[in-house]
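K.L.:
3D model of this:
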Amino acid sequence: MSNNCKIGLALGAGSARGLAHIGVLETLKKYNISFDMVSGSSAGALIGCLYCCGVDFKYVKALFKNLQQKDYIDITVPRKGLIKGDRIQEIIKLITQNRNFEDLNIPLIVTATDLKNKKLVEIERGKLHEAVRASISIPGIFVPVEKVDMVLVDGAVIERVPANTLKSRGMDLVIGVDVGSNIMTCNCRSIFHVLYEAYDLMQLEYFNYKKMKQI
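P.N.:
Alright, predicted model coming up:
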């Protein structure tokens, strides 16, 4: 393969399973594999953002290990979602040091779904923490992010692993990472778990449907 080959990395959705992206990135680093561009959806947007910021993943793993639910969950009156999302956005803002996309050494594209216009939105400018907050907004759980003429929720609603986003930017090779779905157990201890389990199952069925259409 040519030395001029452009390599992209697409990190997919997966809620808490998204932390598995860290292990993938650490392994790729051992083999000196670097990327010309990164895209991320939902949990993949968060990990991709931290990677492109150059944040030490040892710090990230320690942070998530010690986080309590009360630190990042701010319950609100369930009008458009159960979680307001301000706390988790502040945590992301702190970790990324309030950086903009334009400050990154590796170009990053964060995907979200615009419910109003029924399309995938590719965010590559502005504040990182605002884009990631939009991309992780699981419908029914997080309050959507509303901008001018847009209502943004989880990017995985339309594209679980945003590989096509990188292909359209001229990447010759795209490595897609899908951390999978929870198909073995059902953790339905609260309304959050019920909503997420249902959402996860819908994503899996849609993903399988898309694969069947490509055969």
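K.L.:
thinking residue 112 is in contact with residue 124, fair?
P.N.:
No. Contact criterion C-beta atoms under 8 Å: residue 112 and residue 124 do not qualify, at 11.7 Å. Quick note: C-beta positions are derived from backbone N, CA and C, even for glycine.
K.L.:
Between the two, which has more neighbouring residues?
P.N.:
When residue 112 and residue 124 are compared on other C-beta atoms under 10 Å, the one with more neighbours turns out to be residue 112, at 31 against 17.
K.L.:
Looks to me like that one is in a strand.
P.N.:
Yes. Under DSSP: H, G, I helix; E, B strand; the rest coil, residue 112 falls within a strand.
K.L.:
How about it: which residues does it bridge to?
P.N.:
As for beta bridges, residue 112 partners with residue 121, residue 154 under DSSP bridges.
K.L.:
what's the distance between it and residue 9?
P.N.:
Noted for residue 112: a distance of 18 Å to residue 9, by C-beta to C-beta, to the nearest Å.
K.L.:
Now do the same contact list for the residue nearest the centre of the chain.
P.N.:
Centroid-nearest residue in the chain: residue 42, 2.3 Å away (criterion: C-alpha atoms, centre = their mean). With contacts defined as C-beta atoms under 8 Å, 6 or more residues apart in numbering, the neighbours of residue 42 are 12-15, 18, 135-136, 138, 154-156.
K.L.:
can you do 6 Å?
P.N.:
Listed by C-beta atoms under 6 Å, 6 or more residues apart in numbering, the contact set of residue 42 reads 13, 135-136, 154-156.
K.L.:
Can you list phi and psi of the nearest residue to it once chain neighbours are set aside for me?
P.N.:
In space, and not counting its chain neighbours, residue 42 is closest to residue 13: 3.6 Å by C-beta to C-beta, 6 or more residues apart in numbering. Backbone dihedrals for residue 13, given as degrees, to the nearest 10, come out at phi -80, psi 170.
K.L.:
ok, residue 13 touching residue 41?
P.N.:
Yes. Residue 13 is within contact range of residue 41, at 5.0 Å (criterion: C-beta atoms under 6 Å).
K.L.:
anything in contact with each of these two?
P.N.:
Common neighbours of residue 13 and residue 41, using C-beta under 6 Å, 6+ apart, are residue 156.
K.L.:
Between these two, tell me which one has more neighbours.
P.N.:
residue 41 (33 against 30).
K.L.:
For that one, list each beta-bridge partner.
P.N.:
Following DSSP bridges, residue 41 is listed with bridge partners residue 111.
K.L.:
And the helices in the protein?
P.N.:
When assigned using DSSP state H, the helices of the chain occupy the ranges 20-30, 43-53, 57-66, 69-72, 86-95, 128-135, 163-167, 191-214.
K.L.:
would you list these in CSV and tack on mean neighbour count, distance to residue 142 and mean pLDDT?
P.N.:
Putting these into CSV (neighbours: other C-beta atoms under 10 Å; distance: least, C-beta to C-beta, whole Å; pLDDT from 0 to 100) gives the following:
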stretch, mean neighbour count, distance to residue 142, mean pLDDT
helix 20-30, 15, 20, 91
helix 43-53, 26, 13, 94
helix 57-66, 12, 18, 79
helix 69-72, 12, 11, 70
helix 86-95, 17, 8, 93
helix 128-135, 26, 8, 97
helix 163-167, 21, 22, 96
helix 191-214, 14, 10, 70
